[in-house]
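Visitor: give me a 3D structure for the following:
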Amino acid sequence: MQVTIHGAKTNLSKLIDAALSGEEVVIAKGQKPVVKLVPVAQTTYTIGLLKGKVPGKGPDFFEPMQEDDLALWEGAK
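Guide: All right, here's what the predicted structure looks like:
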C-alpha cells in the first residue's frame, strides 16, 4: 500500500497496524516513494542461555581485580 504524507499523518495508527500484520506500507511525497514502514524485530533476551554449555569458568565480575590487572587498567604499567 502506498499513501501520501498527508494520508500517513491522518491514518498513522492504521498504517502501523498494517505494517505489523505484514503488509508493505510506503509513504510517498507526491508520487515519489520516500519511506517504508517496517516493524521493529522483537527479540527476547534470556539470561543464562548458555549456562552449562560453555566449558570452563568465566571471570567473576563481582570479585576485586588482581593488583597487576588493576594497574594495567589504570595505566600504571
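Visitor: which stretches of this structure aren't confidently modelled?
Guide: For the chain, applying pLDDT under 70 flags the ranges 77.
Visitor: buried sites along the helix or strand containing Lys36?
Guide: Assigned by DSSP states H and E, Lys36 falls within strand 32-37. Neighbour-count burial for strand 32-37, counted by 16 or more other CB atoms under 10 Å, picks out Leu37. Bear in mind the C-beta positions are built from the backbone N, C-alpha and C, glycine included.
Visitor: leaving out the residues flanking it, which one is nearest to Trp73?
Guide: Met65 (7.2 Å; CB to CB, 6 or more residues apart in numbering).
Visitor: phi, psi of that neighbour?
Guide: Torsion angles at Met65 (phi, psi; degrees, to the nearest 10) stand at phi -70, psi 150.
Visitor: dump stretch 16-34 to CSV, restricted to CA.
Guide: Only the C-alpha atoms of stretch 16-34 are listed here, as CSV (Å, rounded to 0.1, in the frame of the first residue of the first chain):
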residue,chain,number,x,y,z
ILE,A,16,1.3,0.9,11.8
ASP,A,17,-1.2,-2.0,12.3
ALA,A,18,-1.0,-2.8,8.6
ALA,A,19,2.8,-2.9,8.8
LEU,A,20,2.7,-5.1,11.9
SER,A,21,0.4,-7.6,10.1
GLY,A,22,3.0,-7.9,7.3
GLU,A,23,1.6,-5.5,4.8
GLU,A,24,4.1,-3.3,2.9
VAL,A,25,3.4,0.3,3.7
VAL,A,26,5.2,3.0,1.6
ILE,A,27,4.8,6.7,2.3
ALA,A,28,5.2,8.9,-0.8
LYS,A,29,6.0,12.6,-1.3
GLY,A,30,3.6,13.3,-4.2
GLN,A,31,4.1,10.3,-6.4
LYS,A,32,7.6,9.6,-5.3
PRO,A,33,8.0,6.8,-2.6
VAL,A,34,10.3,8.1,0.1
